[in-house]
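Peer 1: Need a 3D model of the following:
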Amino acid sequence: MVVLQRNECRRHQLALLLTIVLSVITLISIVLNFSGASQAVQLGLGALGVAGVFAIFLAVLQLYAMPKRSQVVLFQNDDEEHVIATNAIHEGFKLRFLRDILGENVTAFTDEDRQRWKTLEADGFYATLYIRNVRKLIIMRLCTMIFDDVFIADRNNRWEHHDSSNTAEPSFSKREMPPLTTWKSST
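Peer 2: Down below sits the predicted model:
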């Protein structure tokens, strides 16, 4: 598996879009010049057309498979207890990295905790890590280095949004909540 840096993803998307445009222009040129060409040139144009169609297919496939923005929601329960919920469950290497760094401070969810956080799954977020005795600032900094969007909710249901899609160290935060339709502030 190849992991692209955030700024390389945009360049990769641009290259794929340019591949599609160039292939379409090539196919149009082949269609316009095919009937007036000699048989040997028609064979070459046919091979070029097959390559153009194949390039379009691969570029569209890669654009479709391009990873979406990874978002994480950090809930602060008590003084030093945090729950991390993420939509990037398919990117388990990020969660393993975070778990390995925090080590013994990560504990398992109880059955009651699982039921309590189950409502987030309707919005596409999954409670993945339960962390104790780690400062919020440390967890936030680690999450901004790993995920594209970091949303933080404190005990008083105040929200912060750190957009780290361009840089791992965003210089400011916005007061906005992630798109949660099932979230209740009483959780």
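
Peer 1: What is the end-to-end distance of stretch 96-109?
Peer 2: In terms of Cα to Cα, to the nearest Å, the two terminal residues of stretch 96-109 are separated by 16 Å.

Peer 1: Can you mark which positions in it are buried?
Peer 2: By neighbour count on 16 or more other Cβ atoms under 10 Å, the buried set for stretch 96-109 is Leu98, Arg99, Leu102, Asn105, Val106. Where C-beta positions appear, they are placed from N, C-alpha and C, glycine not excepted.

Peer 1: what's the third one in contact with, if anything?
Peer 2: Contact criterion Cβ atoms under 8 Å, 6 or more residues apart in numbering gives Leu129, Ile131, Val134, Ile139, Leu142 as the residues in contact with Leu102.

Peer 1: Out of these, flag the one nearest to Ala15.
Peer 2: Distance from Ala15 was checked for each of those by Cβ to Cβ. The minimum falls on Leu142, at 30.8 Å.

Peer 1: Check the gap between the closest one and Ser38 for me.
Peer 2: Taking Cβ to Cβ, to the nearest Å as the criterion, Leu142 is separated from Ser38 by 64 Å.

Peer 1: more crowded one of these two?
Peer 2: Neighbour comparison, Leu142 and Ser38: the larger count goes to Leu142, with 19 against 8 (by other Cβ atoms under 10 Å).

Peer 1: Who are the packing partners of the host helix or strand of the more buried one?
Peer 2: Per DSSP states H and E, Leu142 falls inside helix 136-146. Identification of packing neighbours for helix 136-146 by 3 or more Cβ pairs under 8 Å, 6 or more residues apart in numbering; DSSP states H and E yields strand 71-76, strand 81-86, helix 92-102, strand 149-153.

Peer 1: Just checking: what are the partner strands of the lowest-mean-pLDDT helix or strand in the chain?
Peer 2: When each helix and strand of the chain is scored by mean pLDDT, DSSP states H and E, strand 81-86 comes last, with a mean of 81. When sheet partners are counted by DSSP bridges, strand 81-86 sits next to strand 71-76 (antiparallel), strand 126-132 (antiparallel).

Peer 1: Residues in contact with the shortest one: which ones?
Peer 2: Outside of strand 71-76, the residues that reach it under the criterion Cβ under 8 Å, 6+ apart are 82-88, 120, 125, 136, 139-140, 143, 146-155, 178, 180, 187.

Peer 1: For the residues you listed, which ChimeraX command selects only the ones that are buried?
Peer 2: Once 16+ other Cβ under 10 Å is used to decide burial, the buried members of the contacts of strand 71-76 can be selected in ChimeraX as follows:
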select :82,83,84,85,86,87,88,120,125,139,140,143,146,147,148,149,150,151,152,153,178,180
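
Peer 1: my read: Gln42 touches Val31, true?
Peer 2: No: distance between Gln42 and Val31: 11.9 Å, which falls outside the contact criterion (Cβ atoms under 8 Å).
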